[in-house]
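1. Structure of the sequence below:
(4 chains)
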Number of protein chains: 2
Amino acid sequence: MPRRFPRPSVTVDVVIFTLRDDDLQVLLVKRKSAPYAGRWAIPGGFVRIDEPLEEAARRELSEETGVRDVYMEQLYTFGDPKRDPRERVITVAYFALVPAPLAVRAGGDASDACWWSMYGLPPLAFDHADILDYALTRLRYKLEYTAVGFQLLPDTFTLSELQKAYEVVLGAALDKRNFRRKILEAQVIEETGEFRTGEGRPAMLYRYRSDAVAEVRARRLFP
Amino acid sequence: MPRRFPRPSVTVDVVIFTLRDDDLQVLLVKRKSAPYAGRWAIPGGFVRIDEPLEEAARRELSEETGVRDVYMEQLYTFGDPKRDPRERVITVAYFALVPAPLAVRAGGDASDACWWSMYGLPPLAFDHADILDYALTRLRYKLEYTAVGFQLLPDTFTLSELQKAYEVVLGAALDKRNFRRKILEAQVIEETGEFRTGEGRPAMLYRYRSDAVAEVRARRLFP
DNA sequence: TCAAAAGTGTTTGTGGTACACCCATGG
DNA sequence: CCATGGGTGTACCACAAACACTTTTGA
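-> Below is the predicted model of the structure:
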C-alpha cells in the first residue's frame, strides 16, 4: 500500500457519565498544555497501532476512573480538519455509564480530573462541547427504548432511586405510579427481598435481571 | 505534538442503497488488486489530510454514482487492527440513500461496479459483510421512526410505490389501508394533483413535504 | 404523634391491528 | 367486459396518561 496519503492522528475520547448528588455528571480533565491549556476536556488519548478502538476507550476509562466492565458504546467519529489547531486529529468518541458508587477515583490521584454537572458545564477544549451535546442526546434517546439506565445505578436500588435516575437524565419529572407499573410489567427488575432503611418507610431493594430483554420496539412512523 | 504514536490509515466506506426492480440493492465494486483481489467490496477510499469525513464520503459517492445532494449519514467506525491484513486501517462507514432513477451510473463507466441485492450478496472483502449487516439494521431502524424512506424514491411517487419501498427494506408485508391511513395522518406527504397511468386505475402522485417533521417519538420503555 | 418516604388502582383517551369490498382505467 | 391495480372504513384491544390517598418506619 503506497503512502500517497499523509495520515491523520486517531484518538478516542470517552464521555463518562455517572449519577452524583441526584445529578447527571460527567468526568472532565483539566488540560495542562497548549492548545487550550487550563481548559476542561473529555478524557481521551491516542489509539495504539495494534489496539482495537473499544480497547483504547476502555483503557482511557480505566486510567481515569479505575473501573472496568461497565457499559460503553461508540458514539460518533468527529473529524473536522480544524478541530485540533495543530494537526489533523480524528477522534472516535465513546460514552460510558458508571454506577454511582464506583465513580470515586476522579480527582483522587492528584490528577486534575473531576465531575461536572451536565447542566452546568465549564468552557471546553476543542469541539468537546459538541461531543457532550451529542452524548446527552444519545443517552436520553437510548433511555427511552432500552434498559440502559440501570448501568448508572449500583447492583441493588430502590424504585425511587431508579425513578430519580431517569428524571435526572431526561430532565423531566415522571409519574410515580405509572413508572412503577411500567417497569414492573416490563420484567426487567426483580425484588431482592432486602430493604433499604432510612428516613420514612423502608423501601424494597431491586436488582436488574440480566436475562431481561433490554430493547423495546420503537413506535413506528409507518405500520 | 510529538510523534510518539505511529499513525493508522483512515478511510471512508460508503454503503450506497437504492431501490431497483422492487428490491433493496447496494453498490459494490470489484477489487482489482490484493488483498481480496476479485472480491466485491463497498466503495471507499482514503480521507485526504484536509478533508472533512463527510466530504470524503460524498466524494466517494459522487465518484461511483455521479450523484450529489442525497441523504447520507455516518454509520459506525470500524477499527479492528486485523481488518486489513496489510496494515492498520480504520474506516469510518457512511450510508447513503439514492433515489431509484438517479442510481444509473454503476457499471456504466467501465469500472467494475454494480448493484447487488441486499438479500443475495456475494462474498465480500475485509469486514464489509459486517458493515452491510449493520447498515441494513440501521436503515430498518431509522425507517421505523423517521421519514427517511422517501430518500429512496423519486420526487413524486404513488402510495403503492412508497409502500413497496417500505416492504422491500423492512422485508415484511404491510397492510395497505393501515399504511395509507397512517402516512396520510402523519402529514409528511401531499398530493401533486397529477396521476400516474399504466395498467389499472391511475394512481395519485404524491410528493414529500420538506417542511414535515421527520422524527416520531419512540415508544418509551419507561413512562 | 408527626414527618418522611413508600406504596397502591382506576378511568379515559388514543393509537395499533385486523380485515373485505368497490372503483377507475386500458385493452 | 374483464383484468389490473387504486382506493376506502370500522371494530376491537392494548397501552399511555392523569390523578390522591394510605402505609410504614424513625425520631
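
2. only C-alpha atoms for contact and neighbour calcs from this point on.
-> OK.

3. which regions of chain A sit below the pLDDT cut-off?
-> Scanning chain A for pLDDT under 70 picks out the ranges A:1-3, A:103-111, A:212-223.

4. ok, and for stretch A:42-57, which residues are buried?
-> Within stretch A:42-57, the residues that count as buried by 16 or more other C-alpha atoms under 10 Å in any protein chain shown are A:42-49, A:51-54, A:56-57.

5. now it: how far from the chain's centre is it?
-> The gap between where stretch A:42-57 is centred and where its chain is centred comes out at 17 Å by C-alpha atoms, centre = their mean, to the nearest Å.

6. pull the longest helix from chain A.
-> Longest helix in chain A by number of residues (criterion: DSSP state H): helix A:128-145.

7. Show me what secondary structure element comes after it.
-> Downstream of helix A:128-145, the next assigned helix or strand under DSSP states H and E is strand A:156-157.

8. Which elements pack onto that next one?
-> On a contact count with 3 or more C-alpha pairs under 8 Å, 6 or more residues apart in numbering or on different chains; DSSP states H and E, strand A:156-157 meets strand A:203-208.

9. Does DNA strand C have contacts with the strand it packs on?
-> Yes: using C-alpha under 7 Å from any atom of the strand, strand A:203-208 reaches DNA strand C at A:203-204.

10. before we move on, back to that, and chain B, which of the buried residues of stretch A:42-57 reach it?
-> A:46, A:48-49, A:51-53 (C-alpha under 8 Å from any C-alpha of the partner chain).

11. Pull out the buried positions in the helix or strand where A:Y76 lies.
-> Using DSSP H and E, A:Y76 falls within strand A:71-78. Residues of strand A:71-78 classed as buried under the neighbour-count rule (16+ other C-alpha under 10 Å) are A:72, A:74-78.

12. what does chain A put close to DNA strand D?
-> Proximity of chain A to DNA strand D, by C-alpha under 7 Å from any atom of the strand, involves residues A:175-178, A:182, A:197-202.

13. Format those as CSV; extra columns: secondary structure.
-> Listed next are those as CSV, based on DSSP: H, G, I helix; E, B strand; the rest coil:
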residue, secondary structure
A:D175, coil
A:K176, helix
A:R177, helix
A:N178, helix
A:K182, helix
A:T197, coil
A:G198, coil
A:E199, coil
A:G200, coil
A:R201, coil
A:P202, coil
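
14. so which of these would you say is closest to DNA strand C?
-> A:G200 (3.1 Å; C-alpha to the nearest atom of the strand).

15. for chain A, what spans make up the strands?
-> A:9-20, A:23-30, A:40-41, A:44-46, A:71-78, A:89-97, A:113-117, A:156-157, A:189-196, A:203-208 (DSSP state E).

16. Quick check: neighbours of the fifth one in the sheet, parallel or antiparallel?
-> Based on DSSP bridges, the pairing partners of strand A:71-78 within the sheet are strand A:89-97 (antiparallel).

17. Tell me what angle the strand holding A:Y76 forms with strand A:9-20.
-> 130 degrees (axes from the mean of the first three to the mean of the last three C-alpha atoms, to 10 degrees).

18. Show me the contact partners of strand A:71-78.
-> Identification of contacts with strand A:71-78 by C-alpha atoms under 8 Å, 6 or more residues apart in numbering or on different chains yields A:54, A:90-98, A:135, A:138, A:151, B:74, B:76-77, B:92.

19. and that strand with helix A:128-145, angle?
-> Angle, strand A:71-78 to helix A:128-145, by the same axes, to 10 degrees: 130 degrees.

20. re the thing from before, just the buried ones from the contacts of strand A:71-78, in PyMOL syntax?
-> A single PyMOL command selects the buried members of the contacts of strand A:71-78 (16+ other C-alpha under 10 Å):
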select buried, (chain A and resi 54+90+91+92+93+94+95+96+97+98+135+151) or (chain B and resi 74+76+77+92)
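
21. What distance do you get for A:D13 to A:I131?
-> From A:D13 across to A:I131, the span is 9 Å (C-alpha to C-alpha, to the nearest Å).

22. which of the two has more neighbours?
-> A:D13 (27 against 22; other C-alpha atoms under 10 Å in any protein chain shown).

23. Can you name the residues bridging to that one?
-> With DSSP bridges as the criterion, A:D13 is bridged to A:G44, A:A93.

24. Check the gap between it and chain B for me.
-> Distance check for A:D13 against chain B: by C-alpha to the nearest C-alpha, to the nearest Å, it reads 14 Å.

25. Isn't that residue up against A:I42?
-> Yes: contact between A:D13 and A:I42 holds when scored by C-alpha atoms under 8 Å: they sit 6.2 Å apart.

26. Farthest-apart pair in the ones next to chain B among the buried residues of stretch A:42-57, please.
-> Across those, no pair lies farther apart than A:F46 and A:P52, at 11.5 Å, counting by C-alpha to C-alpha.

27. CA atoms only for stretch A:189-202, dumped as PDB, please.
-> Coordinates of each C-alpha in stretch A:189-202 appear next as PDB, following Å, rounded to 0.1, in the frame of the first residue of the first chain:
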ATOM      1  CA  ILE A 189     -36.000  -6.000  37.500                       C
ATOM      2  CA  GLU A 190     -36.700  -8.300  40.400                       C
ATOM      3  CA  GLU A 191     -37.000  -8.000  44.200                       C
ATOM      4  CA  THR A 192     -34.000  -8.900  46.300                       C
ATOM      5  CA  GLY A 193     -36.000  -9.400  49.400                       C
ATOM      6  CA  GLU A 194     -33.900  -6.800  51.200                       C
ATOM      7  CA  PHE A 195     -35.000  -3.400  52.300                       C
ATOM      8  CA  ARG A 196     -33.200  -0.100  52.400                       C
ATOM      9  CA  THR A 197     -33.900   1.800  55.700                       C
ATOM     10  CA  GLY A 198     -33.500   5.500  56.300                       C
ATOM     11  CA  GLU A 199     -36.000   8.300  56.800                       C
ATOM     12  CA  GLY A 200     -39.500   7.200  56.300                       C
ATOM     13  CA  ARG A 201     -40.800   3.800  55.300                       C
ATOM     14  CA  PRO A 202     -38.200   1.200  54.200                       C
END
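
28. What count of nearby residues applies to A:D211?
-> 9.

29. for the longest helix of chain A, packing partners?
-> Helix A:128-145 packs on helix A:159-170, going by 3+ C-alpha pairs under 8 Å, 6+ apart.

30. what's the angle from the helix it packs on to strand A:203-208?
-> Using the same axes, to 10 degrees: helix A:159-170 against strand A:203-208 is 60 degrees.

31. Closest residue of chain A to DNA strand D?
-> Taking C-alpha to the nearest atom of the strand, DNA strand D has its nearest neighbour within chain A at A:R201, 3.3 Å off.

32. and that residue, how many neighbours does it have?
-> A:R201 has 9 neighbours, counted by other C-alpha under 10 Å.

33. Now the phi/psi pair for it, please.
-> Dihedral angles of A:R201 (phi, psi; degrees, to the nearest 10) stand at phi -70, psi 140.
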